[in-house]
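Participant: Quick one: sequence and predicted model below, then my questions.
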There are 2 protein chains.
Amino acid sequence: MYTAPVLVAGEWRQAAECGRFQPFNPSTRAAIDRYFPVSSWRDCDDALECAVQAAAQLKQLPAETRAAFLELYANKIEGAADELCEIANEETGLPIEPRLLNVELPRTTNQLRQAAAAARSGSWSQATLDTAANIRTLRAPIGPVIVFGPNNFPFAFNGVAGGDFAAAIAAGNPVIAKAHSAHPHTCQKLANLAHAAALEAGLPAAAVQMLYGTAREDGLRLVSDPRTGASAFTGSQNAGLALKRAADEAGNPIYLELSSINPIVILEGALKQRGFSLAEEFASSCLMGTGQFCTNPGLVILPAGESADTFVDRCTALFNEAPVGTLLNKGTEDNLKRAARQLCDAGAERLTAENTQDPDRCCQPNTLLMAKGQQFLQNPHGFQTEAFGNTALIVTSQGTEETRKILESLEGNLTGCIYSAEDGEECGEDDAVYTQLEPVLRNKVGRLLNDKMPTGVAVSPAMNHGGPYPASGHPGFTAVGIPASMQRFSKLECYDNVRAHRLPALLLDRNPGKAWRLIDGEWTQGDVTPL
Amino acid sequence: MYTAPVLVAGEWRQAAECGRFQPFNPSTRAAIDRYFPVSSWRDCDDALECAVQAAAQLKQLPAETRAAFLELYANKIEGAADELCEIANEETGLPIEPRLLNVELPRTTNQLRQAAAAARSGSWSQATLDTAANIRTLRAPIGPVIVFGPNNFPFAFNGVAGGDFAAAIAAGNPVIAKAHSAHPHTCQKLANLAHAAALEAGLPAAAVQMLYGTAREDGLRLVSDPRTGASAFTGSQNAGLALKRAADEAGNPIYLELSSINPIVILEGALKQRGFSLAEEFASSCLMGTGQFCTNPGLVILPAGESADTFVDRCTALFNEAPVGTLLNKGTEDNLKRAARQLCDAGAERLTAENTQDPDRCCQPNTLLMAKGQQFLQNPHGFQTEAFGNTALIVTSQGTEETRKILESLEGNLTGCIYSAEDGEECGEDDAVYTQLEPVLRNKVGRLLNDKMPTGVAVSPAMNHGGPYPASGHPGFTAVGIPASMQRFSKLECYDNVRAHRLPALLLDRNPGKAWRLIDGEWTQGDVTPL
């Protein structure tokens, strides 16, 4: 029985395995005829040892090497697009078109290229010079980064190709990726391209390493090992918080991107003005990708009344009519069904039909639930159960004060949105309510939206894909958006009175390129001005 | 028996006390006839509740209010300078002149004024605008900040007046300060001035609160309370790591500035060229303030040989001749004596005389210890015991490879320094060794120095007073240096498609002042340029 090799120590080699697993096709519920190893600690230990060496080598290489690698890798991904999409489709059930081929793959190569440009420019380092005191500081690589990718983005958040990977490498760190067990073949294919690109670009071969799986205790050991610089995890709260505990105890930074229900507040005026189109907007956003996004709108809060009834009826019809997407895997399916049950147990009413079961694939009927604000307030934790997938909860509120209390009871989320009326009389009324609710919602979310569903997460320097705990592990960092996301994988390195020929190029009087630097309190792309 | 009141809920009031304590004069070993309360959870709970309200109020007030408060407070401290210095001198034994009056107090008011300027300018928020996508993000206040000040800077790092306080307030957060139990009267006096300044400037009265002491479990509860935004602690490793564990578990950011032995490496050429003057420089830096600085040089590594012998002899003489300073308190004295004993037990040889005991005050003879590199490498953890005070360890190495191994075995430190030869033949030789050692030392320290003792920590935008664990809790943040230190007390707040009239002023197209903002990839003090 052939088991796939791991990418450790700069080469594909047989794993020091303590087990193996098969992926699974969620569209057929059939096991896929491939075997992937669960690595023992020996593989982890070797990977860490080689990553430490790679980190030292990377520090001696110009940023251009990393930039060239990231661009070569992006090219190779595009060259293998069809094959990658087929494999990912088999393992995740996500449609090839448009999702994988036209949306997620271009997002992935775009991220790699943005990261390349950021590495090349050097502005991300925020070089800060105090020329009078001759103290100079920059953000420098933090050391080997362990990346755990999630199940829902086989390319764009993949541990060996996604946003965390691109940010960590661009900031000058080697990566040890942990493939997601639901799409190991996709990961293997990507890692293969990354490895080839690394060799071609002259990156240390061990700058990119990948394991498919480890025992739980070895995962904890990886993030807490003293050789580890930092870790990044995207996925479930349980797994993420266990890793956080281990990393924290060891004093190693770890960045998490966990669950979020992304509350949407629709104000009275907006509901009256455009309830019908908002229902379309909401249903389409909620069911897109079978609802399997971190920023999927899982909770809608709106004022009870006639307009709300119309909105709810329309949403129910749309949920019932929409095709039922395939879920990523058995685990997602089980968790989603359990979450929907828990919400019903808490008292939510099921609005959508319960039929349309399809035993041959992983799925659940599009599910819309409803509860009253009062119910929510009696059990806010229960009603915030994340239903990751094509399920949402609508809560009707008896007024602004009740809505405020509901928002006050929310846990940390990635996003939150308020829809309000456009021009006209309703606008003024909604504005007054907005002013009361915004400060409460603002405190609970990383990204606050107006009149827009949160599902799209633009790869923008101004993006914040993070938020208050437990949506993330620290509200000062973002997982998406270059160069901001690179800061997670950096540490402050200060040079005090260090002789000029020993300084990193970015700290010299003469700017080695076009990096933005903060010199004596002024941001400039220029050199230190002679007195 | 009169017990001092606590500053809670915007007023001085009797504590809900569960105990009381007296400070102590280290210069006489006599208790000071004043009583300070240990607060029960009720005081903590009230303080948190009021801080949450103050945080909401602060967000509505212009930055100018915080700036005015910080400046008023600085003025009041200057106005009360003589009294403050007398009280601090009584509680800490630190000399009034030059230390308290001419160095530490001006540093404190300077920090407050720099923080005021930073709050006013707004550049610290790093407002980032993506005008095409209409996504706008800034660093916003994180919420109530708990500040635990250390024993060794009664003004400049005081929980209610020092760097953390100034940074947290300037970033828009209310502070709950925990007075240090060794100088509660100093804290009371400062808090009194802060309270008066807050009322005068129109800051919410509960933006500045202070407790003198809590039960251990209430301290842990404070940093982990969901109402807490972040905490900052400067002090001993034991206390700091206990707080970190509690805060981490709750998902609350906490910033630590813990122990550090600040290794100094002197290369062969430098030792030959200027060993004599280096001995003076080292002894003076090490004994300054009776060695009670986080950045005190506690470990010197130098190549064994004749030049080393001369250096060591000279240092020994200087240590024996120098006056013996008073230590901060009984705890510092006990810890220092224990640490020196532990270092001797590990095998270090005591070079300095053991006499000059002075039973009437807290002190220890200036103590210089010595060990061979080989000994150090056999017990690196033992030889890294921090001796906080007028004690240092010299380690002689048998060559560059041994020095490299010693550096490799070091834990995280705030600073590290390499002295090398100036112009001449030795310079080239030292440079070659520097190149081998620097990457190792660089990884172990937050601030790397050349030819300069680390004791001075300039309040500069380029300063890094932080470092790898366990010198701090996260190597990406600094506790000194404005505006960088303010980032610890901020979170990312992103506005996506938010209507212009609802945006914070710093995110509008028009720059409300002179804040540096990152607009579409360019740092500018200007407005968004119309297309």
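Facilitator: That came through, no problem.
Participant: Domains in chain A, by residue range?
Facilitator: What automatic domain parsing lists as the domains of chain A is A:6-121+A:138-256+A:478-486, A:263-450.
Participant: Give me whichever of these is most buried.
Facilitator: domain A:6-121+A:138-256+A:478-486 (a mean of 22; mean count of other CB atoms under 10 Å in any protein chain shown). Where you see a C-beta, it was placed from the backbone N, CA and C, and this is true even at glycine.
Participant: A:T403 contacts A:G373, correct?
Facilitator: Yes. A:T403 is in contact with A:G373 according to CB atoms under 8 Å; the separation is 7.1 Å.
Participant: possible to save the domains of chain A as JSON lines with mean pLDDT and distance to B:F276?
Facilitator: Below are the domains of chain A laid out as JSON lines (pLDDT from 0 to 100; distance: least, CB to CB, whole Å):
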{"stretch": "domain A:6-121+A:138-256+A:478-486", "mean pLDDT": "97", "distance to B:F276": "35"}
{"stretch": "domain A:263-450", "mean pLDDT": "96", "distance to B:F276": "58"}
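Participant: Export the ones you listed as JSON lines, with columns for distance to chain B.
Facilitator: Compiled in JSON lines, those are given as follows (distance: least, CB to the nearest CB, whole Å):
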{"stretch": "domain A:6-121+A:138-256+A:478-486", "distance to chain B": "3"}
{"stretch": "domain A:263-450", "distance to chain B": "4"}
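Participant: what residues are up against the closest residue to A:A81 other than its chain neighbours?
Facilitator: Nearest-residue entry for A:A81: A:L105, 5.6 Å, with adjacent residues in sequence omitted and distances by CB to CB, 6 or more residues apart in numbering or on different chains. A:L105 sits next to A:I77, A:E78, A:A81, A:L84, A:C85, A:F155 when contact means CB atoms under 8 Å, 6 or more residues apart in numbering or on different chains.
Participant: So which of the residues you listed are in helices?
Facilitator: A:I77, A:E78, A:A81, A:L84, A:C85 (DSSP state H).
Participant: just curious, which of those residues is nearest to B:A54?
Facilitator: Lowest distance from B:A54 to the ones in helices among the contacts of A:L105 (CB to CB) belongs to A:I77, with 50.7 Å.
Participant: show me what contacts the residue nearest to that closest one when sequence neighbours are not counted?
Facilitator: Closest residue to A:I77 apart from its sequence neighbours, by CB to CB, 6+ apart: A:T109 at 5.4 Å. Residues counted as contacts of A:T109 (CB under 8 Å, 6+ apart) are A:A74, A:N75, A:I77, A:E78.
Participant: send the alpha carbons of the helix or strand harbouring A:T109 over as CSV?
Facilitator: When elements are assigned from DSSP states H and E, A:T109 belongs to helix A:105-121. C-alpha atoms of helix A:105-121 as CSV (Å, rounded to 0.1, in the frame of the first residue of the first chain):
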residue,chain,number,x,y,z
LEU,A,105,-7.3,30.0,-7.7
PRO,A,106,-6.9,33.5,-9.0
ARG,A,107,-7.3,34.8,-5.5
THR,A,108,-4.5,32.5,-4.4
THR,A,109,-2.1,33.6,-7.2
ASN,A,110,-3.0,37.2,-6.6
GLN,A,111,-2.1,36.8,-2.9
LEU,A,112,1.2,35.3,-3.8
ARG,A,113,2.0,38.1,-6.2
GLN,A,114,0.9,40.8,-3.7
ALA,A,115,3.2,39.1,-1.1
ALA,A,116,6.0,39.1,-3.6
ALA,A,117,5.6,42.8,-4.3
ALA,A,118,5.5,43.5,-0.5
ALA,A,119,8.7,41.5,0.1
ARG,A,120,10.4,43.4,-2.7
SER,A,121,9.3,46.8,-1.6
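Participant: Name the next helix or strand downstream of it, please.
Facilitator: Following helix A:105-121 in sequence order, the next helix or strand is strand A:128-130 (DSSP H and E).
Participant: Can you name every helix or strand that that following strand contacts?
Facilitator: strand A:135-141, strand A:517-519 (3 or more CB pairs under 8 Å, 6 or more residues apart in numbering or on different chains; DSSP states H and E).
Participant: How far off centre is the last one?
Facilitator: The one in question is strand A:517-519. 31 Å (CA atoms, centre = their mean, to the nearest Å).
Participant: again, but for stretch A:81-89
Facilitator: That offset, for stretch A:81-89, works out to 21 Å (CA atoms, centre = their mean).
Participant: Identify the residues contacting it?
Facilitator: With CB under 8 Å, 6+ apart, stretch A:81-89 has contacts from A:77, A:94-96, A:100-101, A:105, A:154-155, A:183, A:185-186, A:189-190.
Participant: how does it look with 10 Å?
Facilitator: For stretch A:81-89, the surrounding residues in contact (CB atoms under 10 Å, 6 or more residues apart in numbering or on different chains) are A:23, A:25, A:27, A:32, A:34, A:77-78, A:80, A:94-97, A:99-102, A:104-106, A:108-109, A:153-155, A:158, A:161, A:183-190, A:193, A:326.
Participant: Return the subset of the residues you listed lying in strands.
Facilitator: Among the contacts of stretch A:81-89, the residues falling in strands (DSSP state E) are A:N25.
Participant: need the contact list for A:A247.
Facilitator: A:146, A:220, A:222-225, A:228, A:230-231, A:233, A:253-256, A:473, B:248.
Participant: Sitting in helices, which of those do you find?
Facilitator: A:L220, A:L222, A:V223, A:S224, B:D248.
Participant: so A:R341 touches A:G382, yeah?
Facilitator: No. Counting by CB atoms under 10 Å, A:G382 is not a contact partner of A:R341; they are 11.6 Å apart.
Participant: circling back to that earlier point, roughly how far apart are the residue nearest to A:I77 and A:M463?
Facilitator: With the distance defined as CB to CB, to the nearest Å, A:T109 ends up 18 Å from A:M463.
Participant: Now do the same contact list for A:C494.
Facilitator: With CB under 10 Å, 6+ apart, A:C494 has these contacts: A:128, A:135-138, A:140, A:507, B:414-415, B:445-449, B:460, B:462-467, B:478, B:481.
Participant: quick one: which of the residues you listed sit in strands?
Facilitator: A:128, A:135-138, A:140, B:414-415, B:445-449.
Participant: May I see the residues you listed arranged in TSV, with distance to B:A348 as well?
Facilitator: Shown next, in TSV, are the ones in strands among the contacts of A:C494 (distance: CB to CB, whole Å):
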residue	distance to B:A348
A:T128	39
A:I135	33
A:R136	35
A:T137	34
A:L138	37
A:A140	34
B:L414	22
B:T415	22
B:V445	22
B:G446	26
B:R447	26
B:L448	26
B:L449	24
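Participant: Mind listing the residues bridging to A:V6?
Facilitator: Beta-bridge pairing for A:V6 (DSSP bridges): A:R13.
Participant: I am finished for the moment; much appreciated.
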